[in-house]
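Student: Following is a predicted model, sequence given first.
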Amino acid sequence: MIAWADLVPQYENSSDDALHTALGAALLGEGLGVSPTDRARLGRFAKSWLANKGDEMIQRIKATDTYRIWAETAGPGQLAENGVLAGALHEQGSDDRVAAVLGEALARDTAAKHTRSYDVAVSFTDEVGEYVRSVVEAARTLGLVVFFEPDMTFEWWGRNFLVEGRKVYGQRAWHFVPFLSPAYLAAAHARDAFATAIEAATRRNDDYVLPVLVDQSEVPAELLNPATGFLRTKDHTPAELAAHLLAKVRRTKADDTAARDFGTAVRNSGTGT
């Protein structure tokens with residue numbers, strides 16, 4: 001039998017949809033014909049299960065020796081990664097497959113809830129690199145925390161940059177800003193970042209993706225809904241675009257704070273359903 005530790009990297013590279021399907025199958029068992037309808041049902045079940053049981057599972061995990069040992073050396077605010085959570089689940093008796101897939105799912109769920117390290121994450125290809133760098137510098141001058149992949153040369157040394165990028169583009173930014181052009185849409189790593197962010201946007205149900213079209217570029221309708229609002233580089237200087245990003249981030253954070261305050265008030269009133 002394959003050990004849980006060997007399975008963790010397999011699920012780490014899965015999309016959220018594939019991960020939820022695998023989690024649903026691990027929790028329910030695989031007596032299905034693996035049709036698209038079955039996969040959708042498994043995914044829906046896994047998302048619902050995480051929403052209802054995720055926090056409870058994390059509390060149970062924190063009672064294990066595996067988690068305690070990790071916590072003794074963890075830095076301030078550090079979140080347990082998939083391997084730690086999978087090891088704790090295995091310690092509690094979960095089989096290898098459930099431990100691996102649930103460990104990854106809980107790690108992503110926790111990161112999505114608690115870790116928004118960046119105000120903005122930009123994604124681009126080289127032909128617009130100078131413009132984007134100017135936008136990033138202007139945004140940072142305004143106080144925004146911006147993810148700019150060229151900054152990660154040392155930090156990502158030896159790591160899978162696609163996997164690391166998915167963590168940022170799918171979980172750790174308040175907004176994702178792709179600079180869309182024919183070159184961007186043809187680049188595999190850029191398309192991967194864009195697909196990750198679009199998937200996150202459907203889960204978050206907000207204007208997470210803020211597209212910027214390079215010059216006169218157009219985006220196929222199957223990649224970006226024609227009704228989605230966008231800006232163009234030709235219409236805005238880097239400083240102007242940075243100012244727009246600042247206004248957007250401030251509004252998003254204010255809305256998020258209001259929503260959380262409202263949710264707390266409802267729960268405390270005892271009238272929530």
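Tutor: Okay, I see it.
Student: Confirm for me that residue 243 is in contact with residue 144.
Tutor: No - Residue 243 is not in contact with residue 144 according to CB atoms under 8 Å; the separation is 10.3 Å. In this view, the C-beta of every residue, glycine as well, is placed from N, C-alpha and C.
Student: And these two? Which one has more around it.
Tutor: A count of neighbours by other CB atoms under 10 Å puts residue 144 above the other of residue 243 and residue 144, at 20 against 15.
Student: residues contacting the more buried one?
Tutor: Contact analysis of residue 144 by CB atoms under 8 Å, 6 or more residues apart in numbering lists 119, 120, 242, 245, 246, 249.
Student: How about it: what's its closest non-neighbour residue?
Tutor: Distances taken as CB to CB, 6 or more residues apart in numbering put residue 119 closest to residue 144, at 4.4 Å, once the chain neighbours are dropped.
Student: what about that neighbour, which SS state?
Tutor: strand (DSSP: H, G, I helix; E, B strand; the rest coil).
Student: cool, residue 22 as well?
Tutor: Classified using three-state DSSP, residue 22 is helix.
Student: My guess is it contacts residue 10. True?
Tutor: No - no contact is recorded between residue 22 and residue 10 when judged using CB under 8 Å, the distance being 9.0 Å.
Student: So between the two, which is more surrounded?
Tutor: Set residue 22 next to residue 10 and count neighbours by other CB under 10 Å: residue 22 wins out with 25 against 14.
Student: related to what we said a few turns ago, give me the common contacts of residue 243 and residue 144.
Tutor: Listed contacts common to residue 243 and residue 144 are nil; contacts here mean CB under 8 Å, 6+ apart.
Student: Let me see the ranges of the strands in this protein.
Tutor: Secondary structure of the chain (DSSP state E): strands located at 118-123, 146-147, 173-180, 212-213, 231-232.
Student: With respect to residue 220, which of those lies nearest?
Tutor: Comparing the strands of the chain by their distance to residue 220 (CB to CB), the top pick is strand 173-180, with 10.3 Å.
Student: on contacts alone, who are the packing partners of that closest one?
Tutor: Strand 173-180 makes packing contacts with strand 118-123, helix 188-204, strand 212-213, helix 238-269 when contacts are defined by 3 or more CB pairs under 8 Å, 6 or more residues apart in numbering; DSSP states H and E.
Student: And the protein, split by domain according to the record?
Tutor: Structural domains annotated on the chain: 4-114, 118-261, as defined by automatic domain parsing.
Student: Let me have those in TSV, adding mean pLDDT as columns.
Tutor: Putting the domains of the chain into TSV (pLDDT from 0 to 100) gives the following:
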stretch	mean pLDDT
domain 4-114	82
domain 118-261	88
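Student: Isn't residue 124 up against residue 176?
Tutor: No - look at residue 124 against residue 176 with CB under 8 Å: they stay out of range, at 11.5 Å.
Student: Number of residues surrounding the closest residue to residue 111 other than its chain neighbours?
Tutor: Among residues not flanking residue 111 along the chain, residue 171 sits closest, at 4.8 Å (CB to CB, 6+ apart). Other residues within reach of residue 171 by the criterion other CB under 10 Å amount to 23.
Student: Pretty sure residue 171 sits against residue 200.
Tutor: Yes - using CB under 8 Å, residue 171 is in contact with residue 200, at 7.0 Å.
Student: quick one: the helices in the stretch 51-200 of the chain?
Tutor: Counting by DSSP state H, counting those that start in this stretch, the stretch 51-200 of the chain has helices at residues 65-73, 82-91, 96-114, 129-141, 161-171, 182-186, 188-204.
Student: Would you format these as JSON lines with distance to residue 224 included?
Tutor: Converted to JSON lines, the helices of the stretch 51-200 of the chain look like this (distance: least, CB to CB, whole Å):
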{"stretch": "helix 65-73", "distance to residue 224": "41"}
{"stretch": "helix 82-91", "distance to residue 224": "31"}
{"stretch": "helix 96-114", "distance to residue 224": "23"}
{"stretch": "helix 129-141", "distance to residue 224": "18"}
{"stretch": "helix 161-171", "distance to residue 224": "15"}
{"stretch": "helix 182-186", "distance to residue 224": "10"}
{"stretch": "helix 188-204", "distance to residue 224": "8"}
